[in-house]
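Peer 1: pasting the sequence and the predicted coordinates here, then a few questions.
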Amino acid sequence: MANKSKAHAQARHALRRGLDRFHLDLTENDLLAIAGNCRNCWLSVVLNHQSLRVALKYTYFEGNWYPVVYDRNRKSIVTFLETDMLSVKEREIAEKHATSEEVVKFIEKMHSNGYRNRRLI
């Protein structure tokens, strides 16, 4: 068996969980785009920290919001979570961010300008 890196294992796991939980047929480039969105304060919000390097985030990608676990050191998605896996407080934070007037305006402006950088949409 080939020696695989932790980042590679995380990517494979995230691809599987995205398909299992949201029926997302993602590529590795899509995961990079979602990870890029995790670094954008308009397109994601931290719901909770699991450790110093791993955080639970609510992230925007291609018209939808997804709860993901993000590895800050590797700048990668670890896994996708279902919304019912979030605590009540985490759901409240996610909903408040996703529906805030500033975020909605930012996303509408991004779409109206025809901005198609997959790292942002």
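Peer 2: Received the coordinates, thanks.

Peer 1: mind checking what secondary structure the nearest residue to F106 once chain neighbours are set aside has?
Peer 2: Beyond its immediate neighbours in the sequence, the residue positioned closest to F106 (Cβ to Cβ, 6 or more residues apart in numbering) is W42, lying 4.6 Å away. The C-beta positions use only the backbone N, C-alpha and C, and glycine is treated the same way. In terms of secondary structure, W42 is coil; the call rests on DSSP: H, G, I helix; E, B strand; the rest coil.

Peer 1: longest helix of this structure?
Peer 2: Using DSSP state H, we find that the single longest helix of the chain is helix 6-22.

Peer 1: show me what contacts the spatially closest residue to M85 that is not a sequence neighbour?
Peer 2: Nearest non-adjacent residue to M85, counting by Cβ to Cβ, 6+ apart: P67, 7.2 Å away. With Cβ atoms under 8 Å, 6 or more residues apart in numbering as the criterion, the residues that contact P67 are 47, 56-59, 80-83, 85-86, 90, 94.

Peer 1: please apply the same query to G18.
Peer 2: For G18, the contacting residues are 24, 26, 66, 80, by Cβ under 8 Å, 6+ apart.

Peer 1: read off the pLDDT value for the nearest residue to it once chain neighbours are set aside.
Peer 2: Sequence neighbours aside, L24 is the residue nearest to G18 in space, at 4.1 Å (criterion: Cβ to Cβ, 6+ apart). What the model reports as pLDDT for L24 is 95.

Peer 1: so where does L24 fall, helix or strand?
Peer 2: Using DSSP states H and E, L24 falls within no helix or strand.

Peer 1: how near is it to V78?
Peer 2: Using Cβ to Cβ, to the nearest Å, L24 is found at 15 Å from V78.

Peer 1: ok, these two, which is more surrounded?
Peer 2: Higher neighbour count among L24 and V78: V78, with 22 against 18, using other Cβ atoms under 10 Å.

Peer 1: I'd assumed R12 was in contact with that one.
Peer 2: No: the criterion here is Cβ atoms under 8 Å, and V78 misses it with R12 at 11.0 Å.
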